[in-house]
Each structure stands twice: as C-alpha cells, then as structure tokens.
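Novice: fold the following for me, if possible:
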Amino acid sequence: MNLLEGYTPGTVARPDATREPLAARNWDLNNAGIVPALRNRVSLDDKRVLDVITEARAHSTDSEDPIAT
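Specialist: Just a heads-up that it's a prediction; the model follows:
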C-alpha cells in the first residue's frame, strides 16, 4: 500500500488524459482501489461515510492518514 499513499493526501496528481491517456487510466484505477482498501480498515460508521467518496484524497484530513498507520 505504500506505493499508493500519495493518493490520500492528494500529492499524486492525475495526469492529463489528452496527453497521457494510459497514465491517466492507471491513476484512475489506483485511485479507485484506495477507497475499498480504506473500507477494510475502518468502523461500520466510517464505512457509511466512505460510501459517498469517489476520490481517495477526499477521505483524509491533514492530520491523519489511515493508510500510513
């Protein structure tokens, strides 16, 4: 999971899909995998919050990163 931790704070920017379509697709796939991974590590109440999140960085605050813990 360490390779994907830049997705949660939003430091991994999505490549421009018109210039790098394969890189953008890979970013989308990685980003989509983060939310289900988080769902495996949180309480039932927090899972309900994650149900509406589609971007990995939308879950985190500046002070906590569940993937890093």
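Novice: quick one, strands of this structure?
Specialist: With DSSP state E as the criterion, the chain has no strands.
Novice: so where's it uncertain?
Specialist: 1-5, 54, 56-69 (pLDDT under 70).
Novice: which helix runs longest in it?
Specialist: helix 21-39 (DSSP state H).
Novice: can you count the residues close to residue 34?
Specialist: 22 (other CB atoms under 10 Å). For the C-beta atoms, the positions are set from N, CA and C on the backbone; glycine is no exception.
Novice: tell me the spacing between residue 12 and residue 40.
Specialist: Residue 12 sits 21 Å away from residue 40, going by CB to CB, to the nearest Å.
Novice: neighbour count winner among these two?
Specialist: Between residue 12 and residue 40, residue 12 has the larger neighbour count (other CB under 10 Å), namely 17 against 7.
Novice: pretty sure the more buried one sits against residue 23.
Specialist: No. Applying CB atoms under 8 Å, one finds residue 12 not in contact with residue 23, separated by 11.0 Å.
Novice: thinking again about what came up before, how far does the longest helix of the chain sit from its chain's centre?
Specialist: Averaging C-alpha positions (CA atoms, centre = their mean, to the nearest Å) puts helix 21-39 7 Å from its chain's average.
Novice: check stretch 29-45 too.
Specialist: Per CA atoms, centre = their mean, the centroid offset for stretch 29-45 relative to its chain is 8 Å.
Novice: any idea how far residue 37 is from residue 50?
Specialist: From residue 50 to residue 37 the distance is 10 Å (CB to CB).
Novice: over to residue 27?
Specialist: Residue 27 is 16 Å from residue 37, by CB to CB.
Novice: could you do residue 30 as well?
Specialist: Taking CB to CB, one finds residue 30 at 10 Å from residue 37.
Novice: next, the buried residues of stretch 27-42.
Specialist: 27, 30-31, 34-35, 38-39 (16 or more other CB atoms under 10 Å).
Novice: now those residues as a markdown table including distance to residue 6?
Specialist: A markdown table is the format used below for these (distance: CB to CB, whole Å):
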| residue | distance to residue 6 |
| --- | --- |
| 27 | 11 |
| 30 | 10 |
| 31 | 11 |
| 34 | 10 |
| 35 | 15 |
| 38 | 15 |
| 39 | 19 |
